[in-house]
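Asker: Here's a sequence, model it:
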Amino acid sequence: TPGAMSDSTTNDQDESSSSWLPPLPFAAPTKANERTTGGHKVKRLPVKLLGSAGSIKDEFPRSTKGLTEVALAGRSNVGKSTLLNALLYGNQPDEDGDPIKRRVGRRLNPEATKMPRGKKAAVSSKPGETRTISLYQLTAEITDDSFDTDEIGRGEGHGDHSRQKKKEYKRKTSLVLSDLPGYGFSYVSEERSKEWKELMQLYLLHRGKSLKRVLLLLDARHGLKSADFEFLDMLQEALDANVELAKAHGLDRVKNTLPKIQIVLTKCDLCKQKDLARRVVMVRQQLSESLRREPSSLPVMLVSAKPGVGFNNVRHNMAKGGVLELQRELAALVPNPMAGKKTPSKW
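Answerer: Below is the predicted model:
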């Protein structure tokens, strides 16, 4: 097949890229017309903005069965939108399928600080700029070519003849990232603050099984502050109210737990390593004390969303800055689209 790679070439590419390339659906492991070791062609599709809502009166994108969602929550100006864009577009290969390195020789690589074109969350140095819940969908398309052999002729003197009928299997793997309004912003009206509070309660407590995780973003220099504790208390109080209301109406089966919460320390490039280690221990303890039910034992993620530092920063074939590790953590929540199919299991 034109453009197809041999198994040995593909294996070499897989081994060399596995240490810096994000997994599906964040990045495709092959270039155009190339194949993985499992015989698949993989293409990353453009990021889609599924929709936005600024209050409970707005029409909200429906939850889709089987489509994994992850929400990004945190104080105003903690860097939610910046990190979201880094997750959507960070650590992508260049046109030749090679990693984008921070430096070329002794010079900084200008490509390391550029973002590919596509849908992005609005970023501003002013707090309170994110005023809606916006859902962004990442999708990778996996194509598998297989051949069915159909016998078309058999007879004396004619030998055995067969023809190959090409069949193409396409599967998609997707992840939805939700950008939530920041809380704790003092320069907003009480009415608007109440609308955002109701909106986040509605989304985080009633989204259903598709919402697999809430990333609680904290500035690594400060850890949990009063606004973070108030946010967690608000969710727990709303959850308790829902349970009591359900019981009053004779409903036994009602969700009485929060979505899994995972702490992400942002702006880690501004902290010393020894301070980060202490901060991890502290925020774990604070989260455990602030939640009425024991929190899940998910790892605290350390990231920098600064281009050329937190992502697009490959040295010695290893990605630096923490964004890649978070991409891997979230990709593990997405089901393998080829599982259970009559196609090679290895991508």
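
Asker: Report the separation between Leu177 and Pro93.
Answerer: 21 Å (CB to CB, to the nearest Å). C-beta here means a position set from N, CA and C on the backbone, and glycine is covered the same way.

Asker: Pick out whichever of the two has more residues nearby.
Answerer: Leu177 (23 against 18; other CB atoms under 10 Å).

Asker: Any idea what that one is bridged to?
Answerer: Counting by DSSP bridges, Leu177 is bridged to Val70, Tyr136.

Asker: residues in contact with it?
Answerer: Leu177 makes contact with Glu69, Val70, Ala71, Leu72, Leu84, Leu87, Leu88, Leu135, Tyr136, Leu138, Leu330, according to CB atoms under 8 Å, 6 or more residues apart in numbering.

Asker: Surely the fourth one and Gly182 touch.
Answerer: No: judged on CB atoms under 8 Å, Leu72 makes no contact with Gly182 at a distance of 10.0 Å.

Asker: Which neighbours do these two have in common?
Answerer: By CB under 8 Å, 6+ apart, Leu72 and Gly182 have these common neighbours: Lys80.

Asker: Doesn't Arg131 belong to a strand?
Answerer: No: Arg131 is assigned coil when assessed by DSSP: H, G, I helix; E, B strand; the rest coil, not a strand.

Asker: Tell me, what's the model's pLDDT at it?
Answerer: Arg131 carries a pLDDT value of 77.

Asker: Start the count at 2 instead of 1 going forward.
Answerer: Got it, the first residue is 2 from now on, which makes the last one we talked about Arg132.

Asker: where's it relative to Leu200, distance?
Answerer: 10 Å.

Asker: Look at those two and report which has more neighbours.
Answerer: For the pair Arg132 and Leu200, the greater number of neighbours falls to Leu200 (22 against 18), based on other CB under 10 Å.

Asker: Tell me if the more buried one really is in a helix.
Answerer: Yes: residue state for Leu200 (three-state DSSP) corresponds to a helix.

Asker: Might one say that it is in contact with Pro182?
Answerer: Yes: between Leu200 and Pro182 a contact is recorded at 7.3 Å, counting by CB under 8 Å.

Asker: tell me, what's touching these two both at once?
Answerer: Ile134.

Asker: Helix, strand or coil: sort out Val142 for me.
Answerer: Residue 142: Glu, not Val. Of the three states, Glu142 takes strand under three-state DSSP.

Asker: Could you report the pLDDT at it?
Answerer: According to the prediction, Glu142 has pLDDT 89.

Asker: what does His250 give?
Answerer: Looking at His250, its pLDDT is 64.

Asker: Strands of the stretch 102-251 of the chain, residue ranges please.
Answerer: 104-105, 108-109, 134-156, 160-180, 212-220 (DSSP state E, counting those that start in this stretch).

Asker: what's the next secondary structure element after the least confident helix or strand in the chain by mean pLDDT?
Answerer: Across the helices and strands of the chain, mean pLDDT, DSSP states H and E gives its lowest value to helix 8-18, namely a mean of 36. Using DSSP states H and E, the helix or strand that follows helix 8-18 towards the C-terminus is strand 41-45.

Asker: Could you give the average pLDDT over whichever helix or strand comes after that following strand?
Answerer: Next helix or strand after strand 41-45 toward the C-terminus (DSSP H and E): strand 49-54. Average pLDDT, strand 49-54: 91.

Asker: List the pairing partners of strand 49-54 within its sheet, with orientation.
Answerer: When DSSP bridges is applied, strand 49-54 pairs with strand 134-156 (antiparallel).

Asker: Could you pull up the residues touching Thr140?
Answerer: Pro26, Arg45, Leu46, Lys49, Lys173, Thr174, Ser175.
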